[in-house]
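> Sharing a sequence plus its predicted fold:
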Amino acid sequence: MSEQSLLDGSPKVFVALKRFLTAQQLDSLATDYSICAQNGGNFEAGMSREEGVSFNPRLARILSILIHDGRVRDIITLRAALYAGAASGSRDGADLKVPSELKDAVSQEVIKGVLALDTLRHLHQTNFSSQERDEILSKFKTCPGDTPEWLQKKLEHAILLQRRGSRDVR
């Protein structure tokens, strides 16, 4: 049942995870995905999507960035990213109970960076005003020193593209 939510949400991410996770790890991650999705993890403030157009839900995109771009294979990091995503994306994420074994991992710089990257990559799809977008962009000026290089480069590129795009809109 829990695997079905992840499978339905993003079949490609599910298949990628299945390649390197054990059945028990996949089931655990899929359960976490369901819990986090039910607690607002796929909510995206200001996002406007065209009716009937398929897209990857936010939590699946977070996993995709970690496994495809970052080559992350650590189950704790993957699970923690779901909870961090739900807490940051949800209107009531404070009510989400993070499993004790993940509490330290949810604040990893790589997870914070991946959440920021996903936000930046989809900022142009929101109905935010130019001023609101600029305010969001101003939060992402620098990366902490322990952010992995691959992620720093992707964040810098996403910021550059969004800044360019916001100038084109004006």
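Yep, it's here.
> quick one: contacts of stretch 95-105?
The set of residues external to stretch 95-105 that reach it, using Cβ atoms under 8 Å, 6 or more residues apart in numbering, is 32, 35-36, 39, 76-77, 79-80, 83, 86-87, 90, 106, 111. For every residue, glycine as well, the C-beta is placed using N, CA and C.
> for the residue nearest the centre of the chain, phi and psi?
Per Cα atoms, centre = their mean, the C-alpha nearest to the average position across the chain is that of Ile62, at 3.0 Å. Main-chain dihedrals, Ile62, degrees, to the nearest 10: phi -60, psi -50.
> ok, and the closest non-adjacent residue to it?
Sequence neighbours aside, Gly85 is the residue nearest to Ile62 in space, at 4.8 Å (criterion: Cβ to Cβ, 6 or more residues apart in numbering).
> List the residues that contact that neighbour.
Cys36, Gly41, Arg58, Leu59, Ile62, Leu115 are the contacts of Gly85 under Cβ under 8 Å, 6+ apart.
> now for those residues, which pair is the farthest apart?
Pairwise distances across these (Cβ to Cβ) peak at 12.4 Å, for the pair Cys36 and Leu115.
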